[in-house]
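Q: Just to be clear, the model below is a prediction. Sequence and coordinates:
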Amino acid sequence: MLKNSDLYQNSLRVIPSGVNSPVRAFGAVGGVPRFIRKGKGSKIWDSEGNCFIDYICSWGPLVLGHANVAIVRAISDAAAEGSTFGAPTERELQMAEKLVRNFKSVEKIRLVSSGTEATMSAVRLSRGYTRRDKIIKFEGCYHGHVDSLLVEAGSGALTFGQPSSAGVTGKATEDTITLAYGNYDDLKSTFKKYGDEIAAVIIEPVAGNMNLVIPEKDYLLLARQLCNQFGSILVFDEVMTGFRVGLQGAQGVFDIEPDLTTLGKVIGGGLPMGAFGGKADIMDQLAPAGPVYQAGTLSGNPVAVAAGLTTLDHLMQVGVFESIVKFTNNLVRGLREAAEDAELEFSAQSLGTMFGFSFSKNSPQNLVESQSADHEKFRQFFHLMLEEGVYLAPSPFEAGFTSAAHNDQDLEKTISSARIAFGKIVEASEVRR
Ligand SMILES: *Cc1c(COP(=O)(O)O)cnc(C)c1O
């Protein structure tokens, strides 16, 4: 049996930074990433046999927990009938019908294989439909690694895109305008200046990639109203929030209809899948009937669709989602109480089955506030919780996720672990003084 540190050393030789996606490298918290051998329900086990209560749930998808029996069966049944055809299948139709029924704003939808593909396609479609170039995005919102969306956080009101990644050309981001999340005046003045050139506003309607940030409904309404006024497309990136903050996503929570919606994570049931959909007249601009090209060899993959359909069927049974929400509320309340008792500056909140916590007086409202929390305390807390057998996101800029498999025992264990961790953090800071 190889230890985590051996596997990490070996991985560093053949995989850049030893991981296939950056946050897995523990860069924000330091230490050796745990190599996960298996998962069941709310728990995961690493290569050394250590067991953790998992609050990442693969960054959202596993809303029913790990290795759910019905999903495993659906996957193996589908695979036994052939894993991919490159031709339409009835199951894809069922998935499209289910999503169209579920989201009031979605009349037609296409399946893809990742959230990145979904947002990339939504941006291209918006530009093709409006015949305009500029898009607005917001600091701290992540929409996958699409070139035009990998833009530096702005320093002032109006920043035209500087790439946030090497390899992205200035030309790829020069039509991307980045605004502070939740700033009404910036949004208004940008539309006043560039309204007729703006193809789309793309936003995480509840942000989960800079901690958990819940905007005011009025802010999303302002975006809706400005897009109506100027003929721009409003894109809600619900790759993370879809079937997480509510069964109808953030658009259901706020009762606001975007023109286009991107989905991913939960709808793939733990296999690679994304989707983008919306108004029929926009979606009909896609190839082959329309002029906007978009395609995918594995799009609508039968095995992924089977996993996704089974996930959604179970999640939408009476009481299932509500019970996860209840767990999540209790988790957040328990963490807050534990921190209060330890007299630590701490905030925690949840919406639906997503939660966020922060070593700051109030929950962050934007990227700058999220950046100004006490990240050293976060780092300590993360490692202390890991020692106690609780696996949290290894970065203060991520949201947390719960599942239908998390139970009262998990809750008790998590809160008692947090009490121990908070106690040690206070102790350490007193010794230092
Ligand atoms: C995860 C995520 C994406 C990217 O999805 P991938 O499947 O990782 O490509 C896009 N948008 C949001 C809001 C996400 O959380």
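A: Good, I have the coordinates. Residues are numbered from 1 along each chain as shown.

Q: Can you name the secondary structure element that comes next after the helix or strand hosting residue 177?
A: If you go by DSSP states H and E, residue 177 is part of strand 176-179. Counting by DSSP H and E, the next helix or strand C-terminal to strand 176-179 is helix 184-194.

Q: Show residues contacting that next one.
A: 134, 136, 157-158, 177, 179-180, 198, 218-219, 222-223, 226, 229-230 (Cβ atoms under 8 Å, 6 or more residues apart in numbering). Every residue, glycine included, has its C-beta placed from N, CA and C.

Q: With adjacent residues omitted, what lies nearest to the residue of the stretch 301-433 of the chain found nearest the ligand?
A: Going by Cβ to the nearest ligand atom, the ligand is nearest to residue 399 of the stretch 301-433 of the chain, at 8.6 Å. Excluding its sequence neighbours, the residue lying closest to residue 399 (Cβ to Cβ, 6 or more residues apart in numbering) is residue 208, at 3.7 Å.

Q: re earlier: other SSEs contacting the strand holding residue 177?
A: strand 134-138, strand 159-160, helix 184-194 (3 or more Cβ pairs under 8 Å, 6 or more residues apart in numbering; DSSP states H and E).

Q: Buried by neighbour count: which residues of the longest one qualify?
A: Residues of helix 184-194 classed as buried by neighbour count (16 or more other Cβ atoms under 10 Å): 186, 187, 190, 191, 194.

Q: if we can go back for a sec, who are the neighbours in contact with the residue of the stretch 301-433 of the chain closest to the ligand?
A: 208, 209, 211, 212, 240, 354, 355, 356, 393.

Q: Recalculate using a threshold of 10 Å.
A: By Cβ atoms under 10 Å, 6 or more residues apart in numbering, the residues touching residue 399 are 55-56, 59-60, 206-213, 240-241, 244-245, 350-351, 354-357, 393.

Q: And it, its phi and psi?
A: Residue 399 has phi and psi values of phi -90, psi 170 when expressed as degrees, to the nearest 10.

Q: mind checking pLDDT for it?
A: Looking at residue 399, its pLDDT stands at 97.

Q: Could you do the one 4 residues further on as well?
A: Per-residue confidence for residue 403 comes out at a pLDDT of 98.

Q: quick one: it and residue 67 touch, right?
A: No. Using Cβ atoms under 10 Å, residue 403 is not in contact with residue 67, being 11.5 Å away.

Q: now the strands for the stretch 101-250 of the chain?
A: Assigned by DSSP state E, counting those that start in this stretch, the strands in the stretch 101-250 of the chain fall at 108-112, 134-138, 159-160, 176-179, 198-203, 233-237.

Q: for residue 46, phi and psi?
A: Main-chain dihedrals, residue 46, degrees, to the nearest 10: phi -90, psi -180.

Q: what does this structure have sitting close to the ligand?
A: 114-116, 119, 142-144, 204, 208-209, 237, 239-240, 264, 274 (Cβ under 6 Å from any ligand atom).

Q: which ones are touching whichever residue of the stretch 101-250 of the chain sits closest to the ligand?
A: Closest residue of the stretch 101-250 of the chain to the ligand, Cβ to the nearest ligand atom: residue 115 (2.1 Å). Residue 115 is in contact with 59-60, 142-146, 237-240, 242, 262-265, 267-268, 272-276, counting by Cβ under 10 Å, 6+ apart.

Q: and with 6 Å instead?
A: Applying Cβ atoms under 6 Å, 6 or more residues apart in numbering to residue 115 gives the contacts 144, 239, 264, 274.

Q: Now list the buried members of those residues.
A: With burial judged by 16+ other Cβ under 10 Å, the buried subset of the contacts of residue 115 is 144, 239, 264, 274.

Q: isn't the first one right next to residue 119, touching?
A: By that I understand residue 144. Yes. With contact defined as Cβ atoms under 6 Å, residue 144 reaches residue 119; the gap is 5.1 Å.

Q: Nearest residue to the closest residue to the ligand within the stretch 251-400 of the chain in space, ignoring adjacent ones along the chain?
A: Across the stretch 251-400 of the chain, the shortest distance to the ligand (Cβ to the nearest ligand atom) belongs to residue 264, at 4.7 Å. Closest residue to residue 264 apart from its sequence neighbours, by Cβ to Cβ, 6+ apart: residue 115 at 3.3 Å.

Q: who does residue 46 bridge with?
A: residue 36 (DSSP bridges).

Q: Correct me if wrong: it contacts residue 34.
A: Yes. With contact defined as Cβ under 6 Å, residue 46 counts as touching residue 34 (4.2 Å).

Q: which residues do those two both contact?
A: Common neighbours of residue 46 and residue 34 (Cβ under 6 Å, 6+ apart) are residue 4.

Q: For the helix or strand hosting residue 416, name the packing helices and strands.
A: Assigned by DSSP H and E, residue 416 belongs to helix 408-432. The helices and strands touching helix 408-432, judged by 3 or more Cβ pairs under 6 Å, 6 or more residues apart in numbering; DSSP states H and E, are helix 320-341, helix 375-388.

Q: If we use 10 Å, what do you get?
A: strand 51-54, helix 320-341, helix 375-388, strand 390-391 (3 or more Cβ pairs under 10 Å, 6 or more residues apart in numbering; DSSP states H and E).

Q: What about residue 24, how many residues nearby?
A: Using other Cβ atoms under 10 Å, the number of residues around residue 24 comes to 17.
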